[in-house]
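**Student:** whatever this is, show me its structure:
(chains A and B)
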Amino acid sequence: MSHYPLNPKLYNDDIEQEANRVGFGRGLLGAGEKNESIVALCADLTESTQMHLFREAFPKRFVEVGIAEQNLVTVASGMARAGKIPFTSSYAAFSPGRSWEQIRTTAALNEQPVKIIGSHAGVSVGPDGATHQVLEDIALMRVIPDMVVIAPGDSIEAEKATLAIAENGKPSYLRLAREKVPTFSTEKSPFEIGKAYVLRHGHDVTLLGTGTMTYQLLVAAKLLEEQGISAEVVHVPTIKPLDEATILESVRKTGRVVTAEEAQIAAGFGGAIAELLSEKLPTPLKRIGMYDRFGESGSPAELLDYFGLTGGKMAPVIKKFVDETPKYHQGF
Amino acid sequence: MTRQRLTIRQLERKASEIRKDIIRMLEHAGSGHSAGPLGLAEIFAALYLDIMNIRPSQPNWSERDTFFLSAGHVAPVMYAAMAEAGYFEKDELMTLRKLGSRLQGHPERTKLPGVEQTSGPLGEGVSQAAGYAYTLQHIDEVTHRWVYFLTGDGELNEGNIWEAAMFAGKYKLGNLIGFVDRNNIQIDGTTEDVMPLEDLRGKWESFGWHVQEIDGHNVESIIDATSMARAITNRPSIIIAHTIPGKGVDFMEYDYRWHGMPPNSEQAKVALRKLRSLDGKITGEHE
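**Tutor:** A predicted model of the protein is given here:
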């Protein structure tokens, strides 16, 4: 198993913080420098989705479509037919939220490498409230055949993921968040589409995190260690295709699984893991995320705490699960 | 490679052949749309056999004009025209809507070379054509290729259409030329009953488009209108083509119930007889 370098300041208060969308903005600029077929389209949220760096560097390859998310995706599909690799960005509530059928038909079924960048996903959008806090996007996108779905853990990984989808030749969804989050990875940490990474080894329970929830699981794992529970933390930035081998290898060892996502647990990341385990390795599972409800207004920190999406709130939930749940036994 | 240009009369005959193929295909398939495709035979004959600069033996020829079918449900007329143009053998038309066919119920790019985009869910083709046209005009700066599309009139109920109309108007896509199949019917009734479209000319003009209105069954008008549209280089063009749904088969004409229905074998027999006699009439008019 290869070593995953974590930020040495992981558990310090002064750990670097940056929003994933900022990493995307850098990645898009880099992808544009490497490949002149890359074009970018935005629906009136250029700075907010961090496409302005690309727009300033390559004004001719940037297209403003206005507040029209259906058009955003379908114009991109037409540009892909003309040989371009289009990145489209909006808030995830609107794209893929509003543009889902256009994505299904004109990007996925049509096999065009249109990139859907959904910024401002999850409750951490904050005061804008439930309308803008999309929690259903993972489910919506992962059900589309051949769609690649990635929720990067931090801004460094968001940059790597952006560069990776620029070259994968497939329709792809990148889930980003608005708020600054701790940067747990480093420039040297690996990222490959379809790979999951063991960040911390343990033997009592496997904690599977996607997106920015992985950092919260790392925090929870440290708290659990102090209580005598040895948790293995696996970061799963690519929700589709899922790295089944890495996940199952960890689960075989620990015999208990917890998932965490800033999204609906139904049909989302936890749903994907439930599908995998129930078919290939039935194992006790606890899913952490949003339980069939919408978000609401509040500060991002307040909301993460209120909905139990911080390491501090997760640790007791995980401990209770471990205490009450017998391990999956070999030879089941 | 220059194509021998067909005469207007030859194109009219091709349109008549296309209509017969549509009836045979739909009867054989046992499902599909009758009225729309029959009403578009002249436009598709003109596009695929005269107007567009294409090489059917090289569907992805880099210098080609492109056509985006927004109203994917009229696929039979596009397939019949493509077969006439030589993209594939006419025998294959009878595989329409069958398991394993390249001729899907609604067209799919990845199945059939020459189909530029997958379509069927309405309202999406204008945007895709506009994205292609934008790329040619503003990024690659190619000036000698034209991008055509066709949308239904009922399809104009879709908001996505007007997002695309605004987009193409803003970016003055002079290389974009569209047809509206103005046949006045949609599934639930006439367009003006279901959701009124008039003033249709005024709508497109206000979005910055050059607008022409033609008789969509007059091959010469279709060709002339596209020539005019190509000469208008500072804005996109729309050609509102007035057509008769079910054209050529009297018991289907103007009847919205034939929008989404195929003929049975008895109806197909009668329809083919009508089309053969129409053939005779056309010949008579021009000799």
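
**Student:** what's the helix or strand for the residue in chain A positioned nearest to chain B?
**Tutor:** Going by Cβ to the nearest Cβ, chain B is nearest to A:Gly78 of chain A, at 2.5 Å. All C-beta atoms are positioned from the backbone trio N, CA, C, and that covers glycine. Using DSSP states H and E, the element containing A:Gly78 is helix A:69-81.

**Student:** and for B:Gly178?
**Tutor:** Going by DSSP H and E, B:Gly178 is part of strand B:176-182.

**Student:** residues making contact with that strand?
**Tutor:** B:36, B:39-40, B:43, B:71, B:74, B:126, B:129-130, B:133, B:146-153, B:156, B:168, B:200, B:216, B:226, B:229-230, B:236-243 (Cβ atoms under 8 Å, 6 or more residues apart in numbering or on different chains).

**Student:** off-centre distance for the helix or strand following it?
**Tutor:** Downstream of strand B:176-182, the first helix or strand assigned by DSSP H and E is strand B:185-186. Its chain's C-alpha centre and that of strand B:185-186 lie 16 Å apart, by Cα atoms, centre = their mean, to the nearest Å.

**Student:** over to stretch B:247-262?
**Tutor:** With Cα atoms, centre = their mean as the basis, stretch B:247-262 stands 17 Å off its chain's centre.

**Student:** try stretch B:12-30
**Tutor:** With Cα atoms, centre = their mean, you get 14 Å for stretch B:12-30.

**Student:** how about it: buried residues?
**Tutor:** Using 16 or more other Cβ atoms under 10 Å in any protein chain shown as the burial criterion, the residues of stretch B:12-30 that qualify are B:12-29.

**Student:** do stretch A:180-191 as well
**Tutor:** Those would be A:Lys180, A:Val181, A:Pro182, A:Thr183, A:Phe184, A:Ser185, A:Ser189, A:Phe191, for stretch A:180-191 by 16+ other Cβ under 10 Å.

**Student:** so the third one sits right up against A:Tyr215, yeah?
**Tutor:** Yes - under the criterion of Cβ atoms under 8 Å, A:Pro182 makes contact with A:Tyr215 at 5.1 Å.

**Student:** who touches both of those two?
**Tutor:** A:Asp154.

**Student:** what does the stretch 101-250 of chain B have sitting close to chain A?
**Tutor:** B:108-110, B:116-121, B:123-124, B:127-136, B:138-140, B:159-160, B:163-164, B:166-167, B:170 (Cβ under 8 Å from any Cβ of the partner chain).

**Student:** narrow the residues you listed to those in helices?
**Tutor:** Among those, the ones falling in helices (DSSP state H) are B:127-134, B:159-160, B:163-164, B:166-167, B:170.

**Student:** tell me which of the residues you listed is nearest to chain A?
**Tutor:** Within those, proximity to chain A (Cβ to the nearest Cβ) peaks at B:Gly131, which comes in at 2.5 Å.

**Student:** tally of neighbours for that closest one?
**Tutor:** 36 (other Cβ atoms under 10 Å in any protein chain shown).

**Student:** with B:Arg64 as the reference, measure out to the closest residue to it other than its chain neighbours.
**Tutor:** Of all residues beyond its chain neighbours, the one nearest B:Gly131 is A:Gly78 (2.5 Å), with distances taken as Cβ to Cβ, 6 or more residues apart in numbering or on different chains. Per Cβ to Cβ, to the nearest Å, A:Gly78 is found 15 Å from B:Arg64.

**Student:** quick one: the strands in the chain?
**Tutor:** The chain I'm using is chain A. A:17-19, A:38-42, A:62-64, A:85-91, A:115-119, A:148-150, A:172-175, A:180-182, A:197-200, A:205-209, A:231-235, A:238-240, A:257-264, A:285-290 (DSSP state E).

**Student:** that answer is for a different chain, and I need it for chain B
**Tutor:** B:66-69, B:147-152, B:176-182, B:185-186, B:189-190, B:210-215, B:237-242.

**Student:** residues contacting residue 102?
**Tutor:** You didn't say which chain, so I picked chain A. By Cβ under 8 Å, 6+ apart, the neighbours of A:Gln102 are A:Gln70, A:Val73, A:Thr74, A:Ser77, B:Glu124, B:Asn160.

**Student:** nope, chain B please
**Tutor:** B:Phe88, B:Glu92, B:Thr95, B:Lys111, B:Leu112.

**Student:** quick check: A:Leu304 touching A:Val123?
**Tutor:** Yes - assessed by Cβ under 8 Å, A:Leu304 is found in contact with A:Val123 at 6.8 Å.

**Student:** in ChimeraX, select just the buried ones from the ones in helices among the residues of the stretch 101-250 of chain B next to chain A.
**Tutor:** Applying 16+ other Cβ under 10 Å to these, the buried members can be selected in ChimeraX as follows:
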select /B:127,128,129,130,131,132,133,134,160,163,164,166,167
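
**Student:** pick out whichever of the ones in helices among the residues of the stretch 101-250 of chain B next to chain A sits closest to A:Gly153.
**Tutor:** Closest approach to A:Gly153 among these (Cβ to Cβ): B:Gly131, at 32.6 Å.

**Student:** wait, isn't the closest one in contact with A:Thr74?
**Tutor:** Yes - between B:Gly131 and A:Thr74 there is a contact under Cβ under 8 Å: 6.9 Å.

**Student:** quick one: common contacting residues for A:Leu304 and A:Val123?
**Tutor:** Shared contacts of A:Leu304 and A:Val123, defined by Cβ under 8 Å, 6+ apart, are found at A:Glu262.

**Student:** any idea how far A:Val219 is from A:Tyr11?
**Tutor:** Taking Cβ to Cβ, one finds A:Val219 at 8 Å from A:Tyr11.

**Student:** who's in contact with A:Lys80?
**Tutor:** Actually, residue A:80 is Ala. It isn't Lys. A:Ala80 touches A:Pro86, A:Ala107, A:Gln112, A:Pro113, A:Val114, B:Gly131, counting by Cβ under 8 Å, 6+ apart.

**Student:** and if we set it to 10 Å?
**Tutor:** By Cβ atoms under 10 Å, 6 or more residues apart in numbering or on different chains, the contact list for A:Ala80 reads A:37, A:39, A:86, A:106-107, A:110-115, A:171, B:117, B:128, B:131-132, B:135.

**Student:** please name the nearest non-neighbouring residue to it.
**Tutor:** A:Gln112 (3.8 Å).

**Student:** in contact with that neighbour, which residues?
**Tutor:** So A:Gln112 contacts A:73, A:76-81, A:84-86, A:106, A:169-171, B:109-110, B:117-118, B:128 (Cβ under 10 Å, 6+ apart).

**Student:** and what of A:Phe269?
**Tutor:** A:138-139, A:142, A:149, A:151, A:208-211, A:213, A:236, A:239-240, A:242, A:259-263, A:287, A:289.

**Student:** at 6 Å instead, please
**Tutor:** A:Ile138, A:Thr210, A:Ile239, A:Thr259, A:Glu261 (Cβ atoms under 6 Å, 6 or more residues apart in numbering or on different chains).

**Student:** also A:Arg200?
**Tutor:** A:Ala221, A:Val233.

**Student:** pLDDT score for it?
**Tutor:** Looking at A:Arg200, its pLDDT is 97.
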